[in-house]
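[1] Any chance you could fold what I've pasted below:
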Amino acid sequence: MTATDIRFLFDFAIQQEIDAYNFYKAAAEKVTNAGVRQIFEELASEEEGHKSLLEHIRIDETLVGKFNELKVDYMIAEANEMPALTLDLKPAEAIAIAMKREQLAAELYRTMALSAVNDRERLSFESLENMEMNHKHRLENAYVDIGYPEVF
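    Numbers count the residues shown, from 1 in each chain. Alright, predicted model coming up:
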């Protein structure tokens, strides 16, 4: 893979973050539940930060490896289907959408890491995968807290 290919992959990843931002912003505008709206607005803000971070990692290799590896993956996102986006989403459904999207983003970065041509690129993508996995982990914890409160 050439440097041009890696630039293309970074551009693709940045576009994924833009698409995620647009999705969450549009979702926030459509839902009627104020708590769900806040969740989507916070997720949109995070995706905007991911885009900025990707742009910086592309040019500053000192940012590589800044995200710790996730120690535990509960795989809740993998065990659930993504709910449909509707106007009357419940908070657990909104979180389920977000955790599934984070799972897919982590899988994308994992694939990109496997395609990297050097250690810097591989570490960049592994770092981004870890970032998405940590977000997924946080969302899975929230999903369990909201979706299964009787467990506690």
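[2] Low-confidence regions, this protein specifically.
    Residue ranges of the chain with pLDDT under 70: 1-6, 61-71, 147-152.
[3] contacting residues around Glu140?
    74, 76-77, 99 (CB atoms under 8 Å, 6 or more residues apart in numbering). C-beta here means a position set from N, CA and C on the backbone, and glycine is covered the same way.
[4] Now do the SS call for it.
    Using DSSP: H, G, I helix; E, B strand; the rest coil, the structure places Glu140 in helix.
[5] now do Thr32
    State at Thr32, reduced to three classes by three-state DSSP: coil.
[6] OK, contacts around it?
    Here Thr32 is in contact with 87-88 (CB under 8 Å, 6+ apart).
[7] That one and Ala94, how far apart?
    From Thr32 across to Ala94, the span is 12 Å (CB to CB, to the nearest Å).
[8] ditto for Asn134
    19 Å.
[9] Comparing the two, which residue is more hemmed in?
    Ala94 (28 against 16; other CB atoms under 10 Å).
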